[in-house]
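Q: coords please:
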Amino acid sequence: MVTESDITRAVGAWTLPRLLHRNATEFADLPALTGRAGADHLTWTWQELGDEVLAAAHGLHTVGLGRGDRMLIVMSSRPEHWAIDFAAVQLGAIPCTTYATLSPDQIRQVAVHSGATVLVLEGAAEIERWRPALASMESLRAVVLLDPAAEAADLPCVVAYAELVAQGGELRRRHPERASKWTDAIGQDDPLALIYTSGTTGDPKGVVLSHRGALYQCAAQELVNAGPDHPRLIAYLPLAHVAERVLGMYLPVYTAGHVTICPDPAQLPSTLIAVRPEGFFGVPRVWEKFAAALQGMLAALDEPRRAAVDAARETAGRAYRIRSGGDAVPPDLAAALAEADARVLRPLREQLGLVDAVRLGSGAAPIPAEVLEFFGSLGLTIMEVWGLSETTGAATSTYPDRYRPGTVGLPVPGMEVRLAADGEIEVRGPLVFLGYLQPDGRIESAVDAEGWLATGDVGTFDPDGMLRITDRKKELIITASGKNIAPSRVESLLRAHPLIGYAAVIGDRRPYLTALLVLDEEAAPAWAKAHGLSVTGIKELAAEPHLLKELATAVERANAALSRPEQIKAFHVLDRPWGPQTGELTPKLSLKRRVIEQRYAAEIDALYAPADNPL
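A: Reported below is the predicted structural model:
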């Protein structure tokens, strides 16, 4: 059993710059990052990445970035993003990647609150979005621009990234002692990164992570569920997201792994097949889409092949359920599973690109148990984790030999988890962040006198100590009759149907619960085509009687698993998609409930008129 002492020993005295130096010397020729350069793939080895980082660090030093300063990065996922982020860390500065979906007001808020001295912009689109906020950035000393062709004559103190690196490389050659001095000056409890929360229940906060917390997270993952040496990984989530920071930046440095960057989520399926990663993390919506696509593919098989797949899945599903209870799979079932896996299930996993994955995870929101069980029947055990930016990612996790669909498992070794009197989850331990950045540059701790952090999530423990998240404390619905309802559980059951992309449950201070449903942009047209409907557009399908009947059945199926106060009494299907760009979702695809309730107030009010009740 892995203990806190085991993880602490594995972390040792490492910091991110020390690990980068190790990788650049001991693993110099191994691939570190693969991105895109024009039409071709670009791969940096660890030595090449190390050289780029140190050159960029010297360049940033010349434009005034120093220890404790903040640097904002407004850039897509590309190798230079990693390089300039790590370069800021090398100087003891604090890098912060911003979400590409920030509104103008949020951009201004982050620009002012961060007190950034350096702003990194990718190109013309980023300049246009950030130009109005520049006048409010009183501490700004330089703007680093990646695209030299972008019009930036009116920006203050502009320097091209290529020029910054070229000048920095020359300075590094002239002052070879600087890098080691910078590295030696950085301690494990120094800031590593600034992450702004996505504002699910309020204004974003500036979360400051430490080297110790991030590397403790990496070491815990490696010890608890060991992967291969120098693993192949994919980075596709925004680097403003704590999950991608840990899994796509810090873990590859810790393991000297190889990251392939997938900047366009639409390319994720083909990237998975090409890379065959040895670990993969998906937010629930990603796993739900994979499941819907596979279910559609399996439904299209001819009868003999479908029967073979169903038999193999039944065998794997039995083994999955036995392991979830903590029991060993009987020898006869293990033998049958090995045969079914080699003959049927492994080829299916190859089609997903996950045949070599030894560590699969899901987090950021609840994932339907049905989705976990579906992948379990394919031989893929997805570990559900729970945590926050404030806990450097996962604070609890299920494990290959200890999992239970519907729970987020046990505390990461070294972490303590307890429930307050009102059910709010509190945590304490080495993964808790340094504190929130204040407008004056201070980092203010958020823990109480005993080190406990109130998370804002509400949960329960099952008899075996597995944690179950019931909802966000601020999102609990209290109906007009005084019933406390956790909307996320209801929404998870609704989203289990492949036609439903998103669901928002309404009912605070109302007599009963209703729901706004958003059609899945891929599954709904495919369903319409398969059922011979003449319309396939989302706008038209939202009013299509056959589809509405199917959704009514889906709602009734969800209601069957709910108590009477939790059941949906009416629903409305929206004729437009939701996304971070349209404002209903955060960048990590969580619901922005205040926005939804304000934007769709008329549709919500209509749901409480008896004549409009579709159930």
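Q: residue boundaries of the strands in the stretch 101-250 of the chain?
A: 118-121, 142-145, 158-160, 191-196, 206-210, 232-235 (DSSP state E, counting those that start in this stretch).
Q: now render those as a markdown table, adding mean pLDDT.
A: Supplementary listing: the strands of the stretch 101-250 of the chain in a markdown table, determined by pLDDT from 0 to 100:
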| stretch | mean pLDDT |
| --- | --- |
| strand 118-121 | 97 |
| strand 142-145 | 95 |
| strand 158-160 | 93 |
| strand 191-196 | 97 |
| strand 206-210 | 97 |
| strand 232-235 | 96 |
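Q: can you lay out those strands as JSON lines showing distance to Ile127?
A: (Glycine included, C-beta is placed from N, CA and C.) Shown next, in JSON lines, are these (distance: least, CB to CB, whole Å):
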{"stretch": "strand 118-121", "distance to Ile127": "6"}
{"stretch": "strand 142-145", "distance to Ile127": "8"}
{"stretch": "strand 158-160", "distance to Ile127": "10"}
{"stretch": "strand 191-196", "distance to Ile127": "20"}
{"stretch": "strand 206-210", "distance to Ile127": "23"}
{"stretch": "strand 232-235", "distance to Ile127": "25"}
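Q: which one of the ones you listed lies nearest to Pro347?
A: strand 232-235 (20.1 Å; CB to CB).
Q: in that closest one, what's buried?
A: By neighbour count with 16 or more other CB atoms under 10 Å, strand 232-235 contains the buried residues Arg232, Leu233, Ile234, Ala235.
Q: just the closest of those residues to Gly92, please.
A: So of the buried residues of strand 232-235, ranked by how close each gets to Gly92 (CB to CB), first place is Ala235, at 24.7 Å.
Q: these two touch, right, that closest one and Ser77?
A: Yes: Ala235 lies in contact with Ser77 (CB atoms under 8 Å); the separation is 6.0 Å.
Q: next, show the common contact partners of the two.
A: Ile261, Cys262 (CB atoms under 8 Å, 6 or more residues apart in numbering).
Q: can you tell me the centre-most residue of this structure?
A: Centroid-nearest residue in the chain, with CA atoms, centre = their mean: Ala243, separated by 4.6 Å.
Q: in contact with it, which residues?
A: Counting by CB under 8 Å, 6+ apart, Ala243 has contacts Leu237, Phe281, Val283, Gly363, Ala364, Gly393.
Q: what about 6 Å?
A: Going by CB atoms under 6 Å, 6 or more residues apart in numbering, Ala243 touches Leu237, Phe281.
Q: same question for Leu337.
A: Leu337 neighbours (CB under 6 Å, 6+ apart): Thr315, Ala319.
Q: one more pass at 8 Å, please.
A: Thr315, Ala316, Ala319, Val329.
Q: in the strand or helix carrying it, what's buried?
A: Element membership of Leu337 [criterion: DSSP states H and E] is helix 331-340. The neighbour-count check on helix 331-340 (16+ other CB under 10 Å) flags Ala336, Leu337, Ala340 as buried.
Q: just these now: which is nearest Leu194?
A: Compare each of the buried residues of helix 331-340 with Leu194 using CB to CB and the shortest gap goes to Leu337, at 46.4 Å.
Q: quick check: next helix or strand after the helix or strand Leu54 falls within?
A: Using DSSP H and E, Leu54 maps to helix 46-62. Helices and strands here follow DSSP H and E; after helix 46-62, the next one along the chain is strand 70-74.
Q: quick one: that next one to strand 206-210, angle?
A: Orientation of strand 70-74 against strand 206-210 (axes from the mean of the first three to the mean of the last three CA atoms, to 10 degrees) gives an angle of 110 degrees.
Q: next one: strand 70-74 to chain centre, how far?
A: Counting by CA atoms, centre = their mean, to the nearest Å, strand 70-74 is centred 20 Å from the centre of its parent chain.
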